[in-house]
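**Q** All I have is the shape, not the residue letters:
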């Protein structure tokens, strides 16, 4: 099972992390965990002041030693070695188009789930490009686009009582080195295992599966995640 | 977590199981496990002789006490209290249309994964109805259609060395009682947990996720499955 350890040979300790849409629950949760792991984290938002406020709140809640800064999305994108896209699906494409130059050459991690909700609950939206991740790859031809962190529970990421997160993060992409880096990034969250999950053309179902996890959450009153067995 | 135990209150011990397409690897694997659990199982095939041969081989390999019989698909469909659809995607719709009368009133469990393969590996096929399960529901308006068993490894189901199967079977459907019965059926396989996974409109991504598990299998040289965490 040497493949399982591929991410362990990948040193990402010096890399800075930007989280676009970092003031949302999922973005703040990821920012918190990566900052706690020792990374310098740039929270991006449409509104730089709101980003600075979110960064300040994380530092205040945790420790003055945390390196978390709030910036406008474009400035955060410029600062991050790895750039996580955690924005709402509505506006996803436009934001990435506007940042294509700044994101060139970088590892971009799309974790957006295009979902709709009606009285019957959540459902997957149709995406012309196939998935949010494929849309990102299309509008960011100069970036190393991966997809990951779809199934993380923001509640759990933000909960100071939860030290170990019981979750495998599926990392998808065409670029082996990039997916290894993102697997290693996922493993900065205690308890999480980063697992290669396939090519970007198989990202739709990983994004859409979040609707099933929401259905599980509603039925069983929990915050569900997944583990891959057989590894 | 009383919801978790819903299937435990569902007594399915007297129910017979039909497996359409039961001579394929997945179908034979499921037939084997349900017969070992004490159910009378009807293996269906386009070719009744081939079905009888597959049934005979299972009995020979395991025990003369196993109740496994081989029939043409239409006769198996008539015999089963629960009817599992494990046929190839190509021909799925036609077979179900032809059996709609015989399947009326029954619990039908669709476990078909509409996948394509090319030199880059597996990928999800577009399905006009949304998913194989939704197609089944459309052509079987008189049946209680559920979707389950998408991620079971046929190799593991057929391996006499594997007693405990490390897998959660996601069961989808609109009919609560039917999904509870199918969850209980899944739990006839030692180690397996049956978990409600949402409505049929969210079946596509569960079917398509099999492509990701195949990608995991190729990368990690394993037979991957999934577990839902937080339950």
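**A** That came through, no problem. Treat the numbers as computed from the prediction; the structure is a model and nothing was measured. Numbering: from 1, shown residues only, chains lettered A, B, ... in the order given.
**Q** Chain A: strands as residue ranges?
**A** Along chain A, counting by DSSP state E, strands occupy A:17-20, A:41-45, A:68-72, A:82-85, A:107-110, A:115-118, A:121-124, A:144-147, A:168-173, A:193-198, A:225-229.
**Q** want to throw those into CSV with distance to residue B:9 and mean neighbour count?
**A** Placement of C-beta: from N, CA and C, glycine included. Formatted as CSV, the strands of chain A follow (distance: least, CB to CB, whole Å; neighbours: other CB atoms under 10 Å in any protein chain shown):
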stretch, distance to residue B:9, mean neighbour count
strand A:17-20, 45, 32
strand A:41-45, 48, 29
strand A:68-72, 49, 23
strand A:82-85, 44, 27
strand A:107-110, 42, 30
strand A:115-118, 31, 12
strand A:121-124, 24, 20
strand A:144-147, 40, 28
strand A:168-173, 31, 26
strand A:193-198, 34, 26
strand A:225-229, 26, 21
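**Q** can you list those in JSON lines and add mean pLDDT and distance to residue B:202?
**A** JSON lines is the format used below for those (pLDDT from 0 to 100; distance: least, CB to CB, whole Å):
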{"stretch": "strand A:17-20", "mean pLDDT": "98", "distance to residue B:202": "27"}
{"stretch": "strand A:41-45", "mean pLDDT": "98", "distance to residue B:202": "31"}
{"stretch": "strand A:68-72", "mean pLDDT": "98", "distance to residue B:202": "36"}
{"stretch": "strand A:82-85", "mean pLDDT": "98", "distance to residue B:202": "24"}
{"stretch": "strand A:107-110", "mean pLDDT": "98", "distance to residue B:202": "21"}
{"stretch": "strand A:115-118", "mean pLDDT": "97", "distance to residue B:202": "10"}
{"stretch": "strand A:121-124", "mean pLDDT": "96", "distance to residue B:202": "6"}
{"stretch": "strand A:144-147", "mean pLDDT": "98", "distance to residue B:202": "19"}
{"stretch": "strand A:168-173", "mean pLDDT": "98", "distance to residue B:202": "17"}
{"stretch": "strand A:193-198", "mean pLDDT": "98", "distance to residue B:202": "19"}
{"stretch": "strand A:225-229", "mean pLDDT": "98", "distance to residue B:202": "15"}
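**Q** Turn those strands into a markdown table, including distance to chain B.
**A** Shown next, in a markdown table, are the strands of chain A (distance: least, CB to the nearest CB, whole Å):
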| stretch | distance to chain B |
| --- | --- |
| strand A:17-20 | 23 |
| strand A:41-45 | 25 |
| strand A:68-72 | 27 |
| strand A:82-85 | 20 |
| strand A:107-110 | 16 |
| strand A:115-118 | 10 |
| strand A:121-124 | 5 |
| strand A:144-147 | 11 |
| strand A:168-173 | 7 |
| strand A:193-198 | 3 |
| strand A:225-229 | 4 |
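**Q** With distance to residue B:65 as extra columns, can I get those in a markdown table?
**A** As requested, the strands of chain A are exported to a markdown table (distance: least, CB to CB, whole Å):
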| stretch | distance to residue B:65 |
| --- | --- |
| strand A:17-20 | 60 |
| strand A:41-45 | 62 |
| strand A:68-72 | 65 |
| strand A:82-85 | 57 |
| strand A:107-110 | 54 |
| strand A:115-118 | 49 |
| strand A:121-124 | 44 |
| strand A:144-147 | 49 |
| strand A:168-173 | 40 |
| strand A:193-198 | 41 |
| strand A:225-229 | 30 |
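**Q** who wins for proximity to residue B:198 among the ones you listed?
**A** When the strands of chain A are compared by CB to CB, strand A:121-124 sits nearest residue B:198, at 7.5 Å.
**Q** partners of the closest one, with directions?
**A** strand A:115-118 (antiparallel) (DSSP bridges).
**Q** The partner strand: how far from the chain's middle?
**A** Offset of strand A:115-118 from its chain centre (CA atoms, centre = their mean, to the nearest Å): 20 Å.
**Q** same question, stretch A:109-128
**A** 16 Å.
**Q** repeat for stretch A:218-231
**A** 18 Å.
**Q** now swap in stretch A:70-89 and tell me
**A** For stretch A:70-89, the distance to the chain centre is 11 Å (CA atoms, centre = their mean).
**Q** mind checking the end-to-end distance for that stretch?
**A** Stretch A:70-89 has an end-to-end distance of 21 Å (CA to CA, to the nearest Å).
**Q** Now do the same contact list for the residue nearest to residue A:137 when sequence neighbours are not counted.
**A** Residue nearest to residue A:137 in three dimensions, not counting chain neighbours: residue A:145, with 4.2 Å by CB to CB, 6 or more residues apart in numbering or on different chains. Applying CB atoms under 8 Å, 6 or more residues apart in numbering or on different chains to residue A:145 gives the contacts A:108, A:110, A:133, A:136, A:137, A:173, A:200.
**Q** just checking, the first one touches residue A:83?
**A** The one in question is residue A:108. Yes: Residue A:108 lies in contact with residue A:83 (CB atoms under 8 Å); the separation is 5.1 Å.
**Q** ok, how many other residues are close to residue A:94?
**A** Counted with other CB atoms under 10 Å in any protein chain shown, the neighbours of residue A:94 add up to 11.
**Q** Apologies, that question was intended for residue A:204.
**A** So residue A:204, with other CB under 10 Å, has 27 neighbours.
**Q** List the contacts of it.
**A** A:124, A:127, A:130, A:131, A:134, B:124, B:205, B:208.
**Q** how about 7 Å then?
**A** A:127, A:130, A:131 (CB atoms under 7 Å, 6 or more residues apart in numbering or on different chains).
**Q** list the contacts for residue A:209?
**A** B:205, B:209.
**Q** got the residues of chain A near chain B?
**A** A:1, A:3-4, A:120-121, A:123-124, A:166-167, A:170, A:195-199, A:201-202, A:205-206, A:208-209, A:211-212, A:215-216, A:219-220, A:222-231 (CB under 7 Å from any CB of the partner chain).
**Q** in the sheet, who's paired with the residue nearest to residue A:137?
**A** Residue A:145 has these beta-bridge partners by DSSP bridges: residue A:108.
**Q** gap between it and residue A:34?
**A** Per CB to CB, to the nearest Å, residue A:145 is found 19 Å from residue A:34.
**Q** go on, residue A:197?
**A** Counting by CB to CB - residue A:197 and residue A:34 are separated by 20 Å.
**Q** could you pull out the helices for chain A?
**A** Ranges of helices in chain A, per DSSP state H, are A:25-36, A:48-62, A:73-79, A:92-103, A:132-139, A:154-158, A:176-186, A:204-220.
**Q** Turn the ones you listed into JSON lines, including mean pLDDT.
**A** Putting these into JSON lines (pLDDT from 0 to 100) gives the following:
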{"stretch": "helix A:25-36", "mean pLDDT": "97"}
{"stretch": "helix A:48-62", "mean pLDDT": "96"}
{"stretch": "helix A:73-79", "mean pLDDT": "98"}
{"stretch": "helix A:92-103", "mean pLDDT": "98"}
{"stretch": "helix A:132-139", "mean pLDDT": "98"}
{"stretch": "helix A:154-158", "mean pLDDT": "95"}
{"stretch": "helix A:176-186", "mean pLDDT": "98"}
{"stretch": "helix A:204-220", "mean pLDDT": "98"}
